[in-house]
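K.L.:
Below is the sequence, then the predicted model.
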Amino acid sequence: MAPQPAASVGHFDQAILPLRPSHSVEHSTMSSEPFPVSPVWDAPHACWHESYPAGIAPQIEFEPQRVEQLLLNAAKLFPQRVALRYFSTNWTYRELVSQVQRVAGHLASLGVRAGDRVLMVLPNCPEFVALWFAAHWIGAEVVPANPLLAAPELAALAHKCQVKVAVGVDVKLRALAEMTQHTFIPVLIIVSLSPHLPLHYRAVYWLQKLKQGRLQIGERTLSLGYDELVRSGHWLDRPALHDVDQPAVLQPTGGTTGTPKVAVLTHRNLSSNVAQLHSWVRLRAGEETFLLVLPFFHVYGATCAMLSPLAGGSTLLLQARFDVCRTLALIQKWKPEVVLLVPFMISALNDELRRRGQKLDGIRLCMSGASALSAEVAATFEELTGAIILEGFGLSEASPVTHSNPADGTARIGSIGLPLPNTEVRLMDLESGTHEVGIG
């Protein structure tokens, strides 16, 4: 399908834009679920289906959607529900969509069009979410990158992906600024986390910014702050494209060789993995709160910790980095039903809870990935929290989750779990990788 013309760029005179009826995309249907998924019980049988929990179908049916439409679906059903909590900032779904509309409108006014690439070098923050969806809103493609990368690494990635816009955070801007002196980037957007922070954190933040010293940005690069995007008066009322087979994310990955590569993930890829996750964990739409520490520049964080919860109308508790005391404080204050962690975080939480002689309640599920989780650490966390741990497996090219332990308490610690619905698996020989082998 050829890209459709972009929606018109206009101006706004309201603090918060209403969600207009024109936001609906053709072929979508109204439902009590923001992303309806239907079970298919008469699907071809596979041996692992016998181990599925009761109520989980071997296959599912759903309408693949663009990621920005997933956000809109949730915002229509839950406009006043808080979407993002970050320090003193609490954006509802309506407010998040308003931010996306404004940022997308300004980007479009700068000449950013469908197919252009946006390099996002940001930690977890509300602006990451708004910019990520705003890029897709105009049909652009996101290239996420670790804020700790050096200038030559960023330049190589920008060159490989032919980046038109780069985004960075003001306290970690030196590498991006150096990159623009040698690699032409038409637009550089600078995000400040200071407005979200309590006063006692702002002083430390500004000291870190001052330590960077004076930064020189490429002469041909237009630099502007995120607040300028929001206050400019531009907005883009509705998404520009409907095509789910357009690239959405160009995900950097080392692969198995260590040579940097980019996995091209389409909107169909991402929404398919969201549908699988919603079905597997039985997400309760518009009811759950997720604690998120995993970086959104990683595909595990972007799909499982950001896109999937938002597509289900959940509230996201954002953290830019893992701090065990702050993480426990957030859990105790907001009582999230789902937490997404990696093994070292689980171990650190165990140690701190034991030191305090405390336990946690309210956590329903803990998703663990990235590395193997020991049986001892898992058992301790389950004892201290009552949570069911879902250890799983995925890879960037799969958007990313392919396997997970069940959410019914039958998980086997040390196992990657079962293939998710709609996943095909073959066991191949180690020597050549071309011959299928039997079970055992």
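P.N.:
Structure's in. What do you need?
K.L.:
which residues does the nearest residue to residue 166 once chain neighbours are set aside contact?
P.N.:
Using C-beta to C-beta, 6 or more residues apart in numbering and skipping residues adjacent in sequence, the residue nearest residue 166 is residue 119, 4.4 Å away. (C-beta placed from N, C-alpha, C; glycine too.) Contact analysis of residue 119 by C-beta atoms under 8 Å, 6 or more residues apart in numbering lists 143, 145, 154, 157-158, 161, 163, 165-167, 185.
K.L.:
And for residue 272, nearest residue in space, chain neighbours not counted?
P.N.:
Nearest non-adjacent residue to residue 272, counting by C-beta to C-beta, 6+ apart: residue 64, 6.1 Å away.
K.L.:
Over to residue 406?
P.N.:
According to C-beta to C-beta, 6+ apart, the nearest residue to residue 406 is residue 53 (4.6 Å).
K.L.:
contacting residues around the one you found?
P.N.:
Shown in contact with residue 53 (C-beta under 8 Å, 6+ apart): 406-408, 410.
K.L.:
Tell me the spacing between residue 51 and residue 363.
P.N.:
Relative to residue 363, residue 51 is positioned 24 Å away (C-beta to C-beta, to the nearest Å).
K.L.:
more crowded one of those two?
P.N.:
Neighbour comparison, residue 51 and residue 363: the larger count goes to residue 363, with 20 against 12 (by other C-beta atoms under 10 Å).
K.L.:
Make sure the more buried one is actually in contact with residue 332.
P.N.:
No: using C-beta atoms under 8 Å, residue 363 is not in contact with residue 332; the gap is 11.0 Å.
K.L.:
surely the residue nearest to residue 272 meets residue 268?
P.N.:
Yes: counting by C-beta under 8 Å, residue 268 is a contact partner of residue 64 at 4.4 Å.
K.L.:
what's the overlap in contacts for those two?
P.N.:
Residues within reach of residue 64 and of residue 268 at once, by C-beta under 8 Å, 6+ apart, are residue 244.
K.L.:
can you pull the buried residues of the helix or strand hosting residue 250?
P.N.:
Assessed by DSSP states H and E, residue 250 sits inside strand 247-253. Neighbour counts over strand 247-253 (16 or more other C-beta atoms under 10 Å) mark 247-252 as buried.
K.L.:
average pLDDT for that strand?
P.N.:
On average, the pLDDT along strand 247-253 is 95.
K.L.:
try stretch 292-311
P.N.:
95.
K.L.:
Tell me the gap between it and the middle of its chain.
P.N.:
3 Å (C-alpha atoms, centre = their mean, to the nearest Å).
K.L.:
out of everything not next to it in sequence, what's closest to residue 269?
P.N.:
Closest residue in space to residue 269, ignoring its immediate chain neighbours: residue 399 at 4.5 Å, by C-beta to C-beta, 6+ apart.
K.L.:
any idea where the strands of the stretch 1-150 of the chain begin and end?
P.N.:
9-11, 38-40, 59-61, 82-86, 89-92, 117-121, 141-144 (DSSP state E, counting those that start in this stretch).
K.L.:
of those strands, which approaches residue 243 most closely?
P.N.:
strand 141-144 (12.4 Å; C-beta to C-beta).
K.L.:
residues in contact with that closest one?
P.N.:
Residues outside strand 141-144 that contact it (C-beta under 8 Å, 6+ apart) are 115-120, 132, 135-136, 157-158, 161, 163, 246-252, 262, 296-298, 302.
K.L.:
what's the neighbour count on the closest residue to residue 241 other than its chain neighbours?
P.N.:
In this structure, residue 241 finds its nearest non-sequential neighbour in residue 139, 4.3 Å apart by C-beta to C-beta, 6+ apart. By the criterion of other C-beta under 10 Å, residue 139 has 26 neighbours.
K.L.:
What's the end-to-end length of stretch 305-315?
P.N.:
One end of stretch 305-315 sits 11 Å from the other (C-alpha to C-alpha, to the nearest Å).
K.L.:
Which residue comes closest to the residue positioned nearest the centre of the chain once chain neighbours are left out?
P.N.:
Geometric centre of the chain, nearest residue: residue 302, 2.1 Å, by C-alpha atoms, centre = their mean. Nearest residue to residue 302 in three dimensions, chain neighbours excluded: residue 296, at 5.1 Å (C-beta to C-beta, 6+ apart).
K.L.:
surely the one you found meets residue 304?
P.N.:
No: at 10.3 Å, residue 296 does not count as touching residue 304 under the criterion of C-beta under 8 Å.
K.L.:
Looking at these two, which has the bigger crowd around it?
P.N.:
The neighbour comparison of residue 296 against residue 304 (other C-beta under 10 Å) goes to residue 304, with 28 against 25.
K.L.:
State the distance from the more buried one to residue 356.
P.N.:
Applying C-beta to C-beta to residue 304 and residue 356 gives a distance of 28 Å.
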